[in-house]
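Participant: 3D model of this:
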Amino acid sequence: MASETTESTGPATRGRFYTEDTQFIVFQAENVLHRVPRFALVKHSEMFRDMFQLPQPGQADDGSESGVSSSVEGSSDENPIRIPECFTSFEFESLLEFIYPTGKSKTLSQEQLLAALKLASYWQMHDVISNIEDYIARLELTPEEKLLLGKKYKIQKLLEEGFFHFIDPVEYKPTLEDAEELGWDTIGQILLTRERLRKRLTAVSTSLSELRCGECASRCVRDYGVFNIGGPLICESTGSTRSLSMRCTLCENKQVKRVWIEDNTPVEKISSNYKKKAIEGELEELLKMLLGTKYSS
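Facilitator: Predicted coordinates:
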């Protein structure tokens, strides 16, 4: 069934897929030449945008063509823009696959995505970097791979998920194999964060039946809350690193003196909600250190 058409009443307008830039640029990566339209490079990279706005030999000051000149870098196979030797043709091709609308970017392999990310980072293609990171974060990666890739490419989501895996289990103990794969610096960051977390989560060991009201000496107390010194309520049912605030069920005293307690309740007994928030808090500090200005809360 043919779709209905409406008759135009005025001159045609330019749609969002209309481009005035018909110029192609020649690049050389390793010993391979690539000739591509420059519009995507200009769109995604300020560096290329500035480069192509500069008057070139054979152009007037306003950028209009005053004659074709093969001396312009990127204008011919004989005078290509040379990709730095630290990058491969595969890496450049992977980036081109991602930024040109061929529909293939959604099916790029992990190797291609990482290759594209390497060049996108070099050319400061911020929107491309963000999109590639989203694709990488959806890959099926092991916790070890998430940490390694997250640290190498500074991908926050991978770092969060990778560190959470190693910091959360109370029974986890790093092995030599972990150290060889992740590096001793990463193992140190895991252990240091876990130790801070352990201190943060250490809770009350004293039984409530052993606590007495400071006024009537009754052992029957209720509505107790757990507090850090000078801090907010942190756990309503399991314990604290510091002291208890109580109310007696017999004399209704609401000013019961705080009771100092020992801090050796197993972490396994901490409330799951508070534990999760505590881990997130420790991870935030670690990620701020690793990512610097790239960290996003």
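Participant: Now the top helix by length along the chain: average pLDDT?
Facilitator: Using DSSP state H, we find that the single longest helix of the chain is helix 272-291. For helix 272-291, mean pLDDT rounds to 82.
Participant: can you give me the helices for the stretch 51-200 of the chain?
Facilitator: 89-99, 110-122, 126-137, 143-153, 156-167, 176-182, 184-201 (DSSP state H, counting those that start in this stretch).
Participant: low-scoring stretches of the stretch 101-250 of the chain, by residue?
Facilitator: Along the stretch 101-250 of the chain, segments meeting pLDDT under 70 span 101-106, 169-172, 200-250.
Participant: try it again with 90
Facilitator: Scanning the stretch 101-250 of the chain for pLDDT under 90 picks out 101-108, 137, 153, 165-179, 192-250.
Participant: Throw the helices of the stretch 51-200 of the chain into TSV and include distance to I25 and mean neighbour count, thanks.
Facilitator: C-beta here means a position set from N, CA and C on the backbone, and glycine is covered the same way. Formatted as TSV, these follow (distance: least, Cβ to Cβ, whole Å; neighbours: other Cβ atoms under 10 Å):
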stretch	distance to I25	mean neighbour count
helix 89-99	11	21
helix 110-122	15	20
helix 126-137	17	18
helix 143-153	27	19
helix 156-167	33	20
helix 176-182	41	13
helix 184-201	41	16
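Participant: Could you export those helices as TSV, including distance to A12?
Facilitator: Below are the helices of the stretch 51-200 of the chain laid out as TSV (distance: least, Cβ to Cβ, whole Å):
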stretch	distance to A12
helix 89-99	28
helix 110-122	35
helix 126-137	30
helix 143-153	44
helix 156-167	44
helix 176-182	59
helix 184-201	58
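Participant: Which one of those helices lies nearest to L291?
Facilitator: Nearest of the helices of the stretch 51-200 of the chain to L291, taken as Cβ to Cβ: helix 156-167 at 6.0 Å.
Participant: tell me the angle that closest one makes with helix 184-201.
Facilitator: Angle, helix 156-167 to helix 184-201, by axes from the mean of the first three to the mean of the last three Cα atoms, to 10 degrees: 70 degrees.
Participant: Name the residues that touch helix 156-167?
Facilitator: By Cβ atoms under 8 Å, 6 or more residues apart in numbering, the surrounding residues in contact with helix 156-167 are 133, 136-137, 141, 143-147, 149-151, 172, 174, 189-190, 193-194, 197, 279, 282-283, 286-287, 290-291, 294-296.
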